[in-house]
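In: Pasting the sequence and the predicted model now:
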Amino acid sequence: MALGQNPSYINRIENCVAYPSMEMFFSICEYLDITPAEFFDGHNHVPNQRRELYLALDRLNAKQTSLLLSLVHALLGDK
């Protein structure tokens, strides 16, 4: 009962029998350490790492950003 809810209620939410209130939805996101946007992003399999990367990007200068972008293109096999 980490969310302070009855396990059967959580099970009903998991099985789409019940839907959480907005307050409960935000509690679930907080418990999972994700944002609501990340909750709905089915393509993002590493939300915490992506958020950490975004925060780190803001601290890079122009030269560092350019070098990192070159590395990303090389990792992806882009031209």
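Out: Perfect, thanks for sending it. Since the structure is predicted, the reported quantities are computational estimates derived from the model, not experimental observations. Numbers count the residues shown, from 1 in each chain.

In: Just give me how far the helix or strand hosting Asn48 sits from the chain centre.
Out: Following DSSP states H and E, one finds Asn48 within helix 47-57. Distance, stretch centre to chain centre, for helix 47-57: 9 Å (C-alpha atoms, centre = their mean, to the nearest Å).

In: And the contacts of that helix?
Out: Helix 47-57 has contacts (C-beta atoms under 8 Å, 6 or more residues apart in numbering) with Asp33, Ile34, Thr35, Glu38, Asp41, Asn44, Thr65, Leu68. (Each C-beta comes from the backbone N, C-alpha and C, glycine too.)

In: Convert stretch 22-30 to CSV, retaining C-alpha atoms only.
Out: Output of stretch 22-30 as CSV, limited to C-alpha atoms (Å, rounded to 0.1, in the frame of the first residue of the first chain):
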residue,chain,number,x,y,z
MET,A,22,-6.3,13.4,-11.0
GLU,A,23,-4.8,13.6,-7.5
MET,A,24,-4.2,9.8,-7.5
PHE,A,25,-2.8,10.0,-11.0
PHE,A,26,-0.2,12.6,-9.9
SER,A,27,0.6,10.5,-6.8
ILE,A,28,1.2,7.5,-9.1
CYS,A,29,3.5,9.6,-11.3
GLU,A,30,5.4,10.8,-8.3
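
In: Buried residues of it, list them for me.
Out: Met24, Ser27, Ile28 (16 or more other C-beta atoms under 10 Å).

In: same thing with stretch 34-42?
Out: Ile34, Glu38.
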